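1. Quick one: sequence plus predicted model below, questions after.
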Amino acid sequence: MRAWTRLLLILGLLAGSLLAPRPAQAQAAGPVYIVQPGDTLWGIALTFGLDAAELASANGMSTSDPLAVGRELLIPGFEGISGVLDRRSIGFGETLRSLALRHGLLQSTVTRLNRVVNPQRLFLGEDVILPQGDGDGLRIPEGAAVMVNPGETDIELSMRTGYAAWALRTINGRQARVWSVPGETLIVPETGRPTTDLLSNLVAAELNPLPLRQGLAAELTGTISGGGRLAGVLGSWPLNFEPAGEGEWVALQGVHAMAEPGMLDLTLRVIGENGAMDYSVSQPVYLASGDYGFDPILDVPDETIDPAATGPENERVAAVVGLVTADRLWEGAFAFPGPYTKSFPSRFGSRRNYNGTGYNYYHAGLDFYGGTGTEITAPARGRVVLAEALTVRGKTTILDHGWGVFTAYLHQSEILVSPGDLVETGQTIGLVGATGRVTGPHLHWEVWVGGVPVDPEVWVERAYP
């Protein structure tokens, strides 16, 4: 073969390789997910029920390749679904059906994409994936949706929407059922009505923080219309809602540091002006572990862990911090009650073992360094509701800040206030000591919310509510 012929052949092969079709981009082969900060290949694969190797292979990469924020990843196995997949959190009162209707999607689409096993147990704050594109059988027909009100008959519903009852049943696939269920969401074509997840008298509800964690205070806010008030229960703790504006209600409730992680039911009730319950809605909330550590075994006087002493004292304190006063006395974040705030000998939530009896206790407060006589100052405005010497807690002061929020100061050498006193932020209320169950002088500071101790450091870092 002549040289120029060989050269042309080589050039032809090179051109062919350069012009050969490349693997299809993610956008053309199915739904894509855009990598967010903190995402990992394994985490994304788990979200969509895939194996990491399968996800990597579908995107022409290996499991060891770096994952850049903003990269589009093809999500295999979802034929008929296209476009970018969006992540959002479940709000209070949302169901799989109402979520699908709000975004104009078939419920089966949302169920399939999120591998939903029990549609009735979507928990508050749970992340769900929703498609932004269109696909065959992906979306519901054009139309909006309304909810059936309590006591509303099919005739009344027809008058409100302008559609005959039989037509509504047909549109919503309810031919086998001739009645409407209160709270049920129905598609009503061409009404222009917005999809809603809650009935009209409970306009909105929100829980912070999410996820909920052991040892934190839950903040519940709700808006109702038409008068009445808001009530509710979080797990086994009743919620004490206080008015915070026109139709606005706020409740603060501590979650025990040793509560079992898992699902808690959150129930909100609208109580009418006549005292009767107008509406109730429940939704599970995930409670995460606080990941608390363990303190070394502590040697303390036996009488300070004797149930004969601890039982009555705990009941005495519980009776004080279990009250709820309507006047909110504090504003903004709390201040530290001691001068030494760079480090702490023991933090809230750490598991404790007294005298080798097992790690059956936890630290219900925050300890401060300081020798006997160091000043203790009020972290926020409050009223003194207890100031006395106790067996386990030593010389103790408790302040009521309103709305079920209390702070306690233990092991003092001197108490400088009396029950009934109104104290201001920064006012000296006592002196550090070593009374009660201690191994040396220090201040033990507690924050109680709804009768439950919570992490005091969080109350210094942020303002409630």
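-> Received it, and whenever you're ready, just let me know what you need.

2. Nearest residue to the middle of this protein?
-> Most central in the chain under C-alpha atoms, centre = their mean is Leu210, positioned 2.3 Å from the mean C-alpha point.

3. pretty sure it is in contact with Leu124, am I right?
-> Yes - assessed by C-beta atoms under 8 Å, Leu210 is found in contact with Leu124 at 6.7 Å. Quick note: C-beta positions are derived from backbone N, CA and C, even for glycine.

4. mind checking which helix or strand of the chain has the lowest mean pLDDT?
-> Lowest on mean pLDDT, DSSP states H and E among the helices and strands of the chain sits helix 3-19, with a mean of 43.

5. hmm, back to that, point me to the helix or strand that includes the residue nearest to the centre of the chain.
-> For Leu210, there is no enclosing helix or strand under DSSP states H and E.

6. what residues are up against it?
-> The neighbours of Leu210, taking C-beta atoms under 8 Å, 6 or more residues apart in numbering as the test, are 89, 124-125, 285.

7. Which of the residues you listed sits closest to Trp445?
-> The closest of those to Trp445 turns out to be Val285 (C-beta to C-beta; 28.1 Å).

8. That closest one belongs to a strand?
-> Yes - under DSSP: H, G, I helix; E, B strand; the rest coil, Val285 sits within a strand.

9. bridging residues for it?
-> Note on Val285: beta-bridge partners Leu124, Leu264, judged by DSSP bridges.

10. That one - how many residues pack around it?
-> Neighbour count for Val285, taken as other C-beta atoms under 10 Å: 21.

11. where does the stretch 1-150 of the chain dip in pLDDT?
-> Filtered on pLDDT under 70, the stretch 1-150 of the chain yields the residue ranges 1-29, 101-102, 120, 133-150.

12. which residues of it fall in strands?
-> Using DSSP state E, counting those that start in this stretch, the strands found in the stretch 1-150 of the chain span residues 32-34, 72-74, 84-89, 127-131, 144-147.

13. so can I have CSV of the ones you listed showing mean neighbour count and distance to Asn118?
-> Formatted as CSV, the strands of the stretch 1-150 of the chain follow (neighbours: other C-beta atoms under 10 Å; distance: least, C-beta to C-beta, whole Å):
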stretch, mean neighbour count, distance to Asn118
strand 32-34, 19, 24
strand 72-74, 19, 28
strand 84-89, 14, 18
strand 127-131, 18, 14
strand 144-147, 21, 22
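
14. With distance to Gly222 added, can I get those in a markdown table?
-> A markdown table is the format used below for the strands of the stretch 1-150 of the chain (distance: least, C-beta to C-beta, whole Å):
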| stretch | distance to Gly222 |
| --- | --- |
| strand 32-34 | 34 |
| strand 72-74 | 38 |
| strand 84-89 | 18 |
| strand 127-131 | 22 |
| strand 144-147 | 17 |
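
15. So which of those strands is nearest Leu329?
-> Nearest to Leu329 among the strands of the stretch 1-150 of the chain is strand 84-89; the distance by C-beta to C-beta comes to 33.5 Å.

16. if we can go back for a sec, tell me, what's touching Leu210 and Leu124 both at once?
-> Common neighbours of Leu210 and Leu124 (criterion: C-beta under 8 Å, 6+ apart): Val285.

17. residues touching the residue nearest to Thr357 when sequence neighbours are not counted, list them.
-> Leaving aside its sequence neighbours, Thr357 sits nearest to Ile305 (C-beta to C-beta, 6 or more residues apart in numbering; 6.9 Å). Residues counted as contacts of Ile305 (C-beta under 8 Å, 6+ apart) are 354-355, 357, 437.

18. Now rank those by neighbours and give me the top one.
-> In these, the most neighbours by other C-beta under 10 Å go to Arg437, 21 neighbours.

19. Pretty sure that residue sits against Thr396.
-> No - counting by C-beta under 8 Å, Arg437 stays clear of Thr396, with 11.6 Å between them.

20. Go through the contacts of Ile305 and name the one nearest Glu54.
-> Of all the contacts of Ile305, Glu54 sits closest to Thr357, with 50.8 Å by C-beta to C-beta.

21. Is that closest one part of a helix or strand, or is it coil?
-> For Thr357, the assignment made with three-state DSSP gives coil.

22. On the pLDDT front, check it for me.
-> pLDDT recorded at Thr357 is 92.

23. Got phi/psi on it?
-> phi -90, psi 0 (degrees, to the nearest 10).
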